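[1] Predicted structure and sequence below. I'll ask about it afterward.
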Amino acid sequence: MRLAHVLIAAAVLLLLPSGLQIFNAHPTLYTGETSARERAWLQIGSRERGESLTGYLRLGGREIETTGVLGWSGPAGEREKRAFPAWTTLPGYQSLATGRNWHLAAAWLLGLGLGVYLAVGLASGRLAAVLAPTREMLQPRAVLADLIGHLTLRFPPAEQGYNLLQRLAYLAVVAVALPLMIISGLAMSPAVHAAAPWTGDLFGGRQSARSAHFLGTLALALFFLVHIVMLVLHQPLRRLRLMTFGPGKDRS
Amino acid sequence: MTASRRSWLRGLSAAAAAAFVSACDRIAGDPGVRAGLRSAERLNLGLYRALFDRRTLAREYPEAAISANFPANGSTNPSDLDYRALAKGGFAAYRLLVDGLVDRPLSLDLAALRALPARSQVTRHDCVEGWSAIARWSGARLAPLLAQAGLKPEARYLVFHCFDTLDPEAGEQGRYYESIDLVDALHPQTLLAYEMNGAPLGIAHGAPVRLRVERQLGYKHAKYVRRIEVVADFSQISGGRGGYWEDRGYEWYAGI
């Protein structure tokens, strides 16, 4: 399972920037089956305003100026007409073809990693033992204590296993978010859609699936950020050791 | 820390970051690396063909689902002289050539094409960029046309040569072309479409004839088709990877 975790982490690290590269090829999101303009709910772009260009993010009816960050992005002097800036995409320059090459290959890595993780985790009972909240954890008092602990940044030591919020977050990622990312990704494939139209119907159409794929990306990026910040904040070396070698042999 | 040391450090970290990014880009864009990554495409095609019926139909939609606005990508008004002359004459002089590994090469005008077994289908077109639109496509089914020409046993792919030059600076290699294998060629929804939404195909959408190969992305649906060449392999044609966009790094199997 630790190997599977490494595979999943590597895959997500490649899928995220290559996915943003692909998004940049058509930086508008819609609901429904097709990309009808009136059903666009998010758009990133740029426009001329007098002498200068400005970047914008349009969300529903509202528009936010995002010059330098989105649309007309990059540091001053090196700005480009690109939705997500060069430093967030793989490759850094604009190339849908290269982004797709990486994304479609890394998707296999994620599929393999997640498949092994879930299969081994379920079969060995480790997933249930490590990630399913215990009955004690769900007592109102324990829930409150866990929440207060998190809010005051006082966490239980790593050897006690995952606490309630950790378990819920990890479960949401491995059992819900990542599988949904795979299904919404497949829903966008015209071949898969022909053979399994339910993949698209599940989200309410191909463009809705594309929107869900993007929102899932944001959710996972947020999780990943918090995940790393938590690791750095709290006994990073001990947790890294636990993650890599497991709790069996304490070498300190 | 002094100001000069601080700016020196900042310069150093910026240079290190730039070096890292350019190293990443060099690896990410390396042709060998990308060819390796594209082996995923063979896996995708193999798995798809193993898992699902080869004749699985793409979903067909009700008339009401047809998109009011259907974008046109790639060439939208070819400036190639032979094409301009044909368009001026209302495509009366158009002939579709079918040759290569066939027993009986064909040369069909639009009336002959319309006399072939036809099909009409309302399907969704998915562009590699990410957008989708729905239209009704009507045209000659490719399978009966190929039966009429008679495929030789060594035939494996169809190469669609087009009228339009999408990249004039690339010379002959800038001309659009595409290729599909026989499984897709013989699929019941694979058409040489001459009508879109009940009207003759417009120039922006590939008049007079474009390929419809449902279950693949938009760039496979070659517009302005002039010749279908039946081949055993396409490595000697143009860039050698089986299509204009394939030669520029896109996957040959565009089912995903």
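    Noted; the coordinates are in hand.

[2] A:Gly68 and chain B, how far apart?
    Distance check for A:Gly68 against chain B: by Cβ to the nearest Cβ, to the nearest Å, it reads 17 Å. Every residue, glycine included, has its C-beta placed from N, CA and C.

[3] Let me know how buried that residue is, in neighbour terms.
    Residues within reach of A:Gly68, counting by other Cβ atoms under 10 Å in any protein chain shown, total 15.

[4] Check A:Pro75 too.
    Neighbour count of A:Pro75, defined by other Cβ under 10 Å: 11.

[5] And it, how far from B:Gly32?
    Between A:Pro75 and B:Gly32 the distance, using Cβ to Cβ, to the nearest Å, works out to 32 Å.

[6] What pLDDT is listed against residue 246?
    Unless you meant another one, I'm taking chain A. As summarised for this prediction, A:Gly246 has a pLDDT of 73.

[7] Let me rephrase: I mean chain B.
    Looking at B:Glu246, its pLDDT stands at 98.

[8] How about it, nearest residue that isn't a chain neighbour?
    Once its chain neighbours are removed from consideration, B:Glu246 has its nearest residue in B:Trp252; the separation is 4.8 Å (Cβ to Cβ, 6 or more residues apart in numbering or on different chains).

[9] in which helix or strand would I find that neighbour?
    Secondary-structure element containing B:Trp252, defined by DSSP states H and E: none, the residue being outside all helices and strands.

[10] contacting residues around it?
    Contacts were defined as Cβ atoms under 8 Å, 6 or more residues apart in numbering or on different chains; by that measure B:Trp252 touches B:Glu41, B:Ser179, B:Arg241, B:Gly242, B:Gly243, B:Glu246.

[11] List phi and psi for it.
    Per-residue torsions, B:Trp252: phi -70, psi -40 (degrees, to the nearest 10).

[12] do A:Arg49 as well
    Reported as degrees, to the nearest 10, the phi and psi values for A:Arg49 are phi -130, psi 100.

[13] Ok, the one 5 residues further on next?
    Backbone dihedrals for A:Thr54, given as degrees, to the nearest 10, come out at phi -130, psi 150.

[14] ok, how many other residues are close to the closest residue to chain B within the stretch 101-250 of chain A?
    In the stretch 101-250 of chain A, no residue comes nearer to chain B than A:Ala191, which is 3.1 Å away by Cβ to the nearest Cβ. Applying other Cβ under 10 Å, we find 23 other residues in the vicinity of A:Ala191.

[15] I'd assumed B:Lys220 was in contact with it.
    No. Using Cβ atoms under 8 Å, A:Ala191 is not in contact with B:Lys220, being 11.0 Å away.

[16] out of everything not next to it in sequence, what's closest to B:Gly198?
    B:Arg136 (6.4 Å).

[17] before we move on, what SS does that neighbour have?
    Using DSSP: H, G, I helix; E, B strand; the rest coil, the three-state assignment for B:Arg136 comes out as strand.

[18] what about it, how many residues close to it?
    Residues contacting B:Arg136 under the criterion other Cβ under 10 Å number 19.

[19] need the contact list for it.
    With contact taken as Cβ under 8 Å, 6+ apart, B:Arg136 is in contact with B:Glu63, B:Ile66, B:Ser120, B:Gln121, B:Val122, B:Glu195, B:Met196, B:Asn197, B:Gly198.

[20] So B:Leu146 versus B:Ala133, what's the distance?
    Separation of B:Leu146 from B:Ala133 (Cβ to Cβ): 28 Å.

[21] What is the burial count for residue 147?
    Here I'm looking at chain A. 12.

[22] That was the other one, I meant chain B.
    The number of residues packed around B:Ala147, counting by other Cβ under 10 Å, is 12.

[23] and if you look at B:Ala232?
    Here the number of neighbours of B:Ala232 (other Cβ under 10 Å) works out to 13.

[24] Report pLDDT for it.
    Reading off the confidence values, B:Ala232 has pLDDT 98.

[25] thought it was touching B:Glu154?
    Yes. Judged on Cβ under 8 Å, B:Ala232 makes contact with B:Glu154 at a distance of 4.8 Å.

[26] Name the residues contacting each of these two.
    B:Leu101.

[27] Which residue ranges of the chain form helices?
    Chain wasn't specified; assuming chain A. Under the criterion DSSP state H, chain A carries helices at the ranges A:2-24, A:96-124, A:126-131, A:140-151, A:164-171, A:178-187, A:190-195, A:198-201, A:206-233, A:236-245.

[28] switch to chain B, that's the one I care about
    Assigned helices in chain B, in chain order: B:3-29, B:31-37, B:39-51, B:81-88, B:110-114, B:142-149, B:182-185 (criterion: DSSP H).

[29] Can you give the contact residues for the shortest one?
    With Cβ under 8 Å, 6+ apart as the test, helix B:182-185 has contacts from B:49, B:54, B:142-143, B:146, B:151, B:155-158, B:190, B:213, B:215-216.

[30] Please identify the buried residues of it?
    Of the residues in helix B:182-185, those scored as buried under the neighbour-count criterion (16 or more other Cβ atoms under 10 Å in any protein chain shown) are B:Asp184, B:Ala185.

[31] Kindly report the same for stretch A:109-117.
    Under the neighbour-count criterion of 16+ other Cβ under 10 Å, stretch A:109-117 has A:Leu109, A:Leu110, A:Gly111, A:Gly113, A:Leu114, A:Val116, A:Tyr117 buried.

[32] and what of stretch A:131-142?
    So stretch A:131-142, judged by 16+ other Cβ under 10 Å, has buried residues A:Leu131, A:Pro133, A:Met137, A:Ala142.

[33] Out of the contacts of B:Trp252, the closest to A:Phe245 would be?
    Distance from A:Phe245 was checked for each of the contacts of B:Trp252 by Cβ to Cβ. The minimum falls on B:Glu41, at 37.1 Å.

[34] Please name the residues that touch that closest one.
    With contact taken as Cβ under 8 Å, 6+ apart, B:Glu41 is in contact with A:Leu104, B:Glu251, B:Trp252, B:Tyr253.

[35] can you list the residues of the stretch 51-200 of chain B near chain A?
    If contacts are counted using Cβ under 8 Å from any Cβ of the partner chain, the residues of the stretch 51-200 of chain B sitting beside chain A are B:51-53, B:56-59, B:61, B:65, B:67-69, B:124, B:126-134.

[36] just the buried members of those?
    Neighbour-count burial (16+ other Cβ under 10 Å) is assigned, among those, to B:56, B:58-59, B:61, B:65, B:67, B:124, B:126-134.

[37] Would you point out the most distant pair within the residues you listed?
    The two members of those with the most space between them (Cβ to Cβ) are B:Thr56 and B:Glu129, at 24.8 Å.

[38] From chain A, how far off is B:Asn44?
    For B:Asn44, the distance to chain A (Cβ to the nearest Cβ) stands at 7 Å.

[39] That residue: what's its closest spatial neighbour, skipping adjacent residues?
    Of all residues not flanking B:Asn44 in the chain, B:Ile256 sits nearest, at 5.5 Å (Cβ to Cβ, 6+ apart).

[40] Compare the helices of chain A and report which one is nearest to B:Ala14.
    Ranking the helices of chain A by their distance to B:Ala14 (criterion: Cβ to Cβ) puts helix A:2-24 first, at 19.9 Å.

[41] No further queries at this time; thank you.
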